[in-house]
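Undergrad: Let me see the structure of the following:
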Amino acid sequence: MPIEKLRRARRADCVVSFALAAAFSFGGVVAHAAPPKVVVISLDGATPELVHQFVRDGTLPRDRGLGLLIRTGVTADRNVTVNPSLTAAAHIAMTTGSTAARNDIPSNTFHLVASPFATTISGFGAPIGGYTFTNHVAEESASPTAEPLWLALRAAKMKVVTATFPGGDGADIRVPGLAGSPIIQSAAKRTVDYTVPFGAFDGPNSSAGAPAGARGFVLNASQFADAPPSTVAQLTAAGKTFFGTVKQTTAPVETITAFSGPAGGRAISVAALDTTNDGVTNYDTLVFFDQAGIQPGPFALPSTGPAYVKASEQRSGRFFIEGSGNKSGVGFYVTFLAPDLSTVRFSRSSANFIPRNAPVLANVDDINNNVGFWAPQADFRIPERLSPGYDNFPDIELEAVYEDLVRTFVDYQTRVALRAMERVPDADLAMVYIEQPDGSEHQFLMTDPRQASNPRDPTSIGANQDPAKRARYMNYLRTAYQAANGAVERIIQAVGTDGRGRPRSDIIVVSDHGFAPFHTAVNMSAFLASRGFDAAKVRAITSGPAANIYISLKGREPNGVVEPSEYLVLQQQLVAALREFRDVNPNYVGRRPDPVFDQVFARPTPKELTDPTFGLGTSRVIGQDSGDVYATLSLGYNFDGTQTPVVRRLGDPDAAADPNPVLSVPNFYGAHGYDPRLKEMSAIFFAAGPAVCERGEIERVRNIDVAPTILRLLGVDPAATVQGRAIDLCRRGHGHDDDHQRGHQHHDRHEHDD
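TA: Below you'll find the model as predicted:
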């Protein structure tokens, strides 16, 4: 039966199933609408190896979430991502069906050549498909080199939902750092029928002058006194049960000032309650409230009122910053609470919000008012003690804070996705992004004996690596995969399943890239300086193990200083320096020195120095806004993670011999962004539903095949810019549809590069 007919034949059952699921998921309000025809869920950083390992050992159930998709649908042994294997590049590639070089999103962070030399842009907020740069004037392109698949779908009168999915943000994109910059990509191309942008940072600043972001607090009994009668009365009016004397901090512990206000901030006080009627004073609950006092509620979202946090529950309490223009909030987590208040430790998260871009403001307010403000995300700065106040917290407590953020943020993203699906009846496509397990793999992927289990102790490798910590970290990975799997299961339940357990919508679950452990941090600035490169002429912008190295070319960048003739010399010197760099430390390499850089590519240049295209050449790997040299590190090395002060690796030269080391011990463990052809960088691909065969196995697919596969399921022709091929979800073997493949033979010549 043709795919379209098969789907229509099952639509009636879908309506009933989704309505029942909606009644469960949305507080009993039945949504009388069919689920999306196709749902794409991206689990950031999920790897085939860990998914299958966790299914085998029972960490992930075989009958729910990914296990259900494996049992009732098809699985790809490998999903080859793009170069670089980074989150922004890979998501835009799967959205457009084109490589990073073609869609001009070459990294998570990079430089638009139309910008001043020192300016960067986020790959999540850059123009998809590039922009026109004629005569060194940047303009929105009438013929972009790639386009999001939702443009073709909406042109076909289909409905699309994006829930925190990269590229769907409703933002106008301009050239950073360029005064009076024109719009180089309009919000209309980044807006669908229901668009929820990913959250953004809103501080807070600290009244004590500490850096913005999360903060740890350590208090003792001397900082508490008997609470004033007003606090006791407010707690009673709020219906709280407590025994004995309520204690309260003698002064606010801080004044939170979010970037978006309110003026003067919110002064946070803490009350301590004993909620156990056992005749013994043992404080077990903290109440966080501001100068408005402990209001009784009820509270209409996004407001939360005070945060009530019981230490034994190991769960954070959310706290909305009343009056914040961006509608932001924080979370409080109590890591240790001595019954007599002799030691009190708690963490306050950073504040984030959903960007209030005008074209999608109604959607943003709908989420704020029905799901709540943007929840605190898993923050690596907490376990790495990069945010202030955490130095005196035990590792295990900081890890507990992180694990709570993993669970609560995935839950929040899932509820956002379900709300978005509910709000667009009978959507044709829903695209959902889930941040885990990526964050946890960055933090906890300690699987290589060369990784220092204590980042501040270079001897903690090999036989000295802490086995208990390694085992604990593996359990944290299990938690992340369980949380992500739970999100998939909740979405499956929302669309419903048939009598055989198959989803009633075509559900595709992918990841953007794989993961690999790394043992060495690489300081790219130190490397360039050690080779004599002038920072005013050459700068590297790194993301993970990928580096785009730019030369300040006169006539290209508005403030460029390098003549074309010197550009060629610098480019050749860069390529040579990168290819020659070797690690000679026997604690980390074998008998022969290992190359630190794995891939090195140079931007093509025309023969004539006066050619107006000089400095704008592209190739299968180099896009318009890629570096003039693009390079990736070998497995085991990463540009992120250099500590301050630097921690020298075991066996490396001391400070006298090497005062500014390039290689050092990092403070976290997992990375992606390497050569996409490496099996470690393979992403996942699972699919099940009405148009998908059961128990099928596909040997190999590609990240760029996701978009044309979705379009084929929905009966819409791909744009001419699409390089991928539709996957035949009912064919075992290589996984691509031969007829569709013949129409894209030209694009397939470079398949091995992607």
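Undergrad: and Asn585, how far is that from Leu112?
TA: Noted for Asn585: a distance of 38 Å to Leu112, by CB to CB, to the nearest Å. Quick note: C-beta positions are derived from backbone N, CA and C, even for glycine.
Undergrad: hmm, I was thinking of Gln482
TA: For Gln482 relative to Leu112 (CB to CB), the value is 40 Å.
Undergrad: Equivalent analysis for Thr304, please.
TA: 39 Å.
Undergrad: With neighbour numbers in mind, choose between these two.
TA: Using other CB atoms under 10 Å, the more surrounded residue of Thr304 and Leu112 is Leu112, with 27 against 20.
Undergrad: my guess is the more buried one is in a helix, correct?
TA: No - Leu112: not assigned to a helix; according to DSSP: H, G, I helix; E, B strand; the rest coil it is coil.
Undergrad: what bits of the stretch 201-350 of the chain have low per-residue confidence?
TA: 205-212 (pLDDT under 70).
Undergrad: all helices of it, in order?
TA: 229-237 (DSSP state H, counting those that start in this stretch).
Undergrad: Which residue ranges of the stretch 251-400 of the chain form strands?
TA: 254-257, 266-273, 285-289, 307-310, 317-320, 329-337, 344-348, 352-353 (DSSP state E, counting those that start in this stretch).
Undergrad: Let's have these in JSON lines, adding mean neighbour count and distance to Trp374.
TA: Shown next, in JSON lines, are the strands of the stretch 251-400 of the chain (neighbours: other CB atoms under 10 Å; distance: least, CB to CB, whole Å):
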{"stretch": "strand 254-257", "mean neighbour count": "21", "distance to Trp374": "16"}
{"stretch": "strand 266-273", "mean neighbour count": "22", "distance to Trp374": "17"}
{"stretch": "strand 285-289", "mean neighbour count": "23", "distance to Trp374": "18"}
{"stretch": "strand 307-310", "mean neighbour count": "20", "distance to Trp374": "16"}
{"stretch": "strand 317-320", "mean neighbour count": "22", "distance to Trp374": "10"}
{"stretch": "strand 329-337", "mean neighbour count": "24", "distance to Trp374": "8"}
{"stretch": "strand 344-348", "mean neighbour count": "26", "distance to Trp374": "16"}
{"stretch": "strand 352-353", "mean neighbour count": "24", "distance to Trp374": "5"}
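Undergrad: Tell me which of those sits nearest to Pro116.
TA: strand 352-353 (28.2 Å; CB to CB).
Undergrad: Pretty sure Asp512 sits against Asp44.
TA: Yes - between Asp512 and Asp44 there is a contact under CB atoms under 8 Å: 6.0 Å.
Undergrad: Spit out the residues that contact the two alike.
TA: Thr87 (CB atoms under 8 Å, 6 or more residues apart in numbering).
Undergrad: Would you mind telling me which of the two has more residues around it?
TA: Asp512 (29 against 22).
Undergrad: Quick check: closest non-adjacent residue to the more buried one.
TA: The spatial neighbour of Asp512 that comes closest, neighbours along the chain excluded (CB to CB, 6 or more residues apart in numbering), is Ala90 at 3.6 Å.
Undergrad: that's a strand at that neighbour, yeah?
TA: No - using three-state DSSP, the assignment for Ala90 is helix, not a strand.
Undergrad: Please renumber the chain so that the first residue is 76 from this point on.
TA: I'll keep to 76 as the first residue from here, and by that count the last item is Ala165.
Undergrad: number of nearby residues for it?
TA: Here the count is done by other CB under 10 Å, and Ala165 has 35 residues near it.
Undergrad: gap between the helix or strand hosting Ile567 and the chain center?
TA: Per DSSP states H and E, Ile567 falls inside helix 542-570. A distance of 16 Å separates the centroid of the chain from that of helix 542-570, by CA atoms, centre = their mean, to the nearest Å.
Undergrad: quick one: buried residues of that helix?
TA: Across helix 542-570, burial judged by 16 or more other CB atoms under 10 Å covers 544-545, 548, 551-570.
Undergrad: pull the CA atoms of the helix or strand just after it into CSV?
TA: Following helix 542-570 in sequence order, the next helix or strand is strand 581-585 (DSSP H and E). What follows is strand 581-585, C-alpha atoms only, in CSV (Å, rounded to 0.1, in the frame of the first residue of the first chain):
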residue,chain,number,x,y,z
ASP,A,581,5.7,8.0,12.0
ILE,A,582,8.3,8.7,14.7
ILE,A,583,11.9,9.2,13.8
VAL,A,584,14.4,9.5,16.6
VAL,A,585,17.9,10.7,15.7
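Undergrad: Would you mind pulling up the elements that strand 581-585 packs against?
TA: Strand 581-585 is packed against strand 113-118, helix 141-147, helix 542-570, strand 760-763, helix 781-788, with contacts defined by 3 or more CB pairs under 8 Å, 6 or more residues apart in numbering; DSSP states H and E.
Undergrad: Show the average pLDDT along the helix or strand just after it.
TA: Following strand 581-585 in sequence order, the next helix or strand is strand 591-592 (DSSP H and E). Averaging pLDDT along strand 591-592 gives 98.
Undergrad: cool, stretch 716-724 as well?
TA: Here the average pLDDT along stretch 716-724 is 96.
Undergrad: which residue is nearest the middle of this protein?
TA: Geometric centre of the chain, nearest residue: Glu510, 4.7 Å, by CA atoms, centre = their mean.
Undergrad: can you pull the contacts of it?
TA: Glu510 makes contact with Asp119, Gln452, Ala453, Phe484, Val485, Gln488 under the criterion CB under 8 Å, 6+ apart.
Undergrad: ok, for the first one, nearest residue in space, not its chain neighbours?
TA: In space, not counting the residues next to it along the chain, Asp119 is nearest to Asp513; the distance is 3.7 Å by CB to CB, 6+ apart.
Undergrad: Then the fifth one?
TA: For Val485, the nearest residue in space outside its immediate sequence neighbours is Ala558; the separation is 4.1 Å by CB to CB, 6+ apart.
Undergrad: who touches the one you found in this structure?
TA: Going by CB under 8 Å, 6+ apart, the list of residues near Ala558 reads Val481, Arg482, Val485, Asp486, Gln511, Pro512.
Undergrad: Quick check: of those, which lies closest to Ala346?
TA: Among those, and counting by CB to CB, the member closest to Ala346 is Arg482, at 26.0 Å.
Undergrad: For Asn550, see how far away the closest one is.
TA: Using CB to CB, we find Arg482 at a distance of 13 Å from Asn550.
Undergrad: Helices along the stretch 126-275 of the chain, start to end?
TA: 141-147, 162-171, 175-178, 224-230.
Undergrad: give the contact list for Asp415.
TA: Counting by CB under 8 Å, 6+ apart, Asp415 has contacts Ala296, Thr356, Asn357, Tyr358.
Undergrad: Angles on the backbone of it, please.
TA: Here is the backbone geometry of Asp415 (degrees, to the nearest 10): phi -100, psi 10.
Undergrad: and Met496, backbone torsions?
TA: phi -70, psi -40.
Undergrad: if I pick the spatially closest residue to it that is not a sequence neighbour, what's in contact with it?
TA: Counting by CB to CB, 6+ apart, Ala505 is the residue found nearest to Met496 once chain neighbours are left out, at 5.3 Å. Ala505 sits next to Pro111, Val113, Val114, Val115, Val235, Val236, Thr237, Ala238, Ala492, Ala495, Met496, Val499 when contact means CB under 8 Å, 6+ apart.
Undergrad: could I get the residues you listed as JSON lines with distance to Met169, pLDDT and neighbour count?
TA: Formatted as JSON lines, the contacts of Ala505 follow (distance: CB to CB, whole Å; pLDDT from 0 to 100; neighbours: other CB atoms under 10 Å):
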{"residue": "Pro111", "distance to Met169": "17", "pLDDT": "91", "neighbour count": "29"}
{"residue": "Val113", "distance to Met169": "13", "pLDDT": "98", "neighbour count": "26"}
{"residue": "Val114", "distance to Met169": "14", "pLDDT": "98", "neighbour count": "26"}
{"residue": "Val115", "distance to Met169": "8", "pLDDT": "98", "neighbour count": "25"}
{"residue": "Val235", "distance to Met169": "15", "pLDDT": "98", "neighbour count": "25"}
{"residue": "Val236", "distance to Met169": "16", "pLDDT": "98", "neighbour count": "28"}
{"residue": "Thr237", "distance to Met169": "13", "pLDDT": "98", "neighbour count": "32"}
{"residue": "Ala238", "distance to Met169": "15", "pLDDT": "98", "neighbour count": "28"}
{"residue": "Ala492", "distance to Met169": "17", "pLDDT": "98", "neighbour count": "28"}
{"residue": "Ala495", "distance to Met169": "19", "pLDDT": "98", "neighbour count": "28"}
{"residue": "Met496", "distance to Met169": "20", "pLDDT": "97", "neighbour count": "29"}
{"residue": "Val499", "distance to Met169": "21", "pLDDT": "95", "neighbour count": "19"}
